[in-house]
Structures are given as structure tokens and as C-alpha cells.
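Trainee: need a structure here:
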Amino acid sequence: MSYQVKPEKTPEESQAEVILRMFPSDANPAGNVFGGEILKHIDMVAGIVAQRHSQSNAVTVSMDSVNFIKPVYVGNVLKLNARINYVHNSSMEIEVKAEAEDIVTGIRTITGTAFVTFVALDKNGRPAEVPKLLLKTDEDRIKFEEGKIRMQERLKNRKKL
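Mentor: Next up is the predicted model:
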């Protein structure tokens, strides 16, 4: 069976949500979940969005604007919401928001945010063109323009390296 790649997709079509329970193996001695553990899950959920959008393999190119706002503790539920904000030829910017929930109290806290850039790859491991974003809402258009500015900054900084 062969699948047809759509020429355009809305951000909503590719969004993803992951909910995980944080255990002692995820934490430092103080009981806070390691930032690296959270980053791993951010990368994973962003990858789901990138692959849903591109309908191909996609690899992480950069993680930036990672902000750890509040700690996540052992026993919390970590909820990650990811959406695609911007696409270029083969690259995609994914925004991830992290939230911790204390199951006992029901209190939910925004704990972090990140922007992750992925590049879609074809079967030979070469960059592959991705569907354009179909921007239906004002929020979609604003996030697209903001993503475009961030992508230009990334490219400018990359050239400096």
C-alpha cells in the first residue's frame, strides 16, 4: 500500500501529546527530575510531530529556547504538548510545552518550553521536501511568522560556526 503525501497540512493534523509518570530512576538525589530526562521526552514528542507532518523519517537538528521554568518531581505526571509552528523546504520547527501534575492535589504547573528543529529525510538519508503549513487561524499565522524569524536566526548563527 502506498501513501500520498499531502501538499499542505494544518498544525492541528500533526500535533501530539504525551503523558508520562516520573519515577525515582528519572531523578537526582533531591527528587527533581533530571533536565536531560525531560529533554529526551521533549525530543521524542517533537519527533512524532515532525514525522506526522513529513510522513518520513526526520532527525533533530537543533534544540533551542529550552526553558526549565519549574521543577518536575518524582511522582508527578509529565504532560508534553507539541505542535508544528513553521516549515521551510525540509526543516520544521516544533514547539513543545511541558506541564507537571501532582496527581494527589491535582495541581498542574507549566514547567518548561522548547523549540526543536527537525529535518525530514528521504529513503537515502537526504533532506526531503515537507508539506507546506495550511494556516487557518490567527494563532497559526502568528506562530508561523515567529518561527520564521527564529529559523532565520538559527541559520545566521549556524553560519558563524
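Trainee: Tell me how far the residue nearest in space to the middle of the chain lies from residue 95.
Mentor: The chain has residue 46 as the residue nearest its centroid, 3.0 Å off, counting by Cα atoms, centre = their mean. Between residue 46 and residue 95 the distance is 8 Å, computed by Cβ to Cβ, to the nearest Å. C-betas here are computed from N, CA, C, even on glycine.
Trainee: Spell out which residues are contacts of both of those two.
Mentor: Jointly contacting residue 46 and residue 95 under the rule Cβ atoms under 8 Å, 6 or more residues apart in numbering are 82, 114.
Trainee: can you give me the helices for the protein?
Mentor: Assignment of helices within the chain using DSSP state H yields the ranges 11-14, 35-54, 138-160.
Trainee: Which pLDDT does the model give the nearest residue to residue 121 once chain neighbours are set aside?
Mentor: Leaving aside its sequence neighbours, residue 121 sits nearest to residue 57 (Cβ to Cβ, 6 or more residues apart in numbering; 4.7 Å). Reading off the confidence values, residue 57 has pLDDT 97.
Trainee: Offset the numbering so it begins at 501, please.
Mentor: Got it, the first residue is 501 from now on, which makes the last one we talked about residue 557.
Trainee: Who are the contact partners of residue 557?
Mentor: 551, 620-621.
Trainee: For this structure, give the strand that spans the most residues.
Mentor: As far as residue count goes, and with DSSP state E defining each element, the longest strand of the chain is strand 608-621.
Trainee: returning to that earlier point: out of the contacts of residue 557, which comes closest to residue 612?
Mentor: Here the nearest of those to residue 612, counting by Cβ to Cβ, is residue 551; it sits at 22.2 Å.
Trainee: What is the least confident helix or strand in this structure?
Mentor: Ranked by mean pLDDT, DSSP states H and E, the helix or strand of the chain with the weakest confidence is helix 638-660, at a mean of 92.
Trainee: Which elements pack onto it?
Mentor: Counting contacts by 3 or more Cβ pairs under 8 Å, 6 or more residues apart in numbering; DSSP states H and E, the secondary-structure elements packed against helix 638-660 are strand 557-568, strand 577-587, strand 591-601, strand 608-621.
Trainee: Save those strands as JSON lines, and put in distance to residue 648 too.
Mentor: Formatted as JSON lines, the helices and strands packed on helix 638-660 follow (distance: least, Cβ to Cβ, whole Å):
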{"stretch": "strand 557-568", "distance to residue 648": "15"}
{"stretch": "strand 577-587", "distance to residue 648": "6"}
{"stretch": "strand 591-601", "distance to residue 648": "9"}
{"stretch": "strand 608-621", "distance to residue 648": "12"}
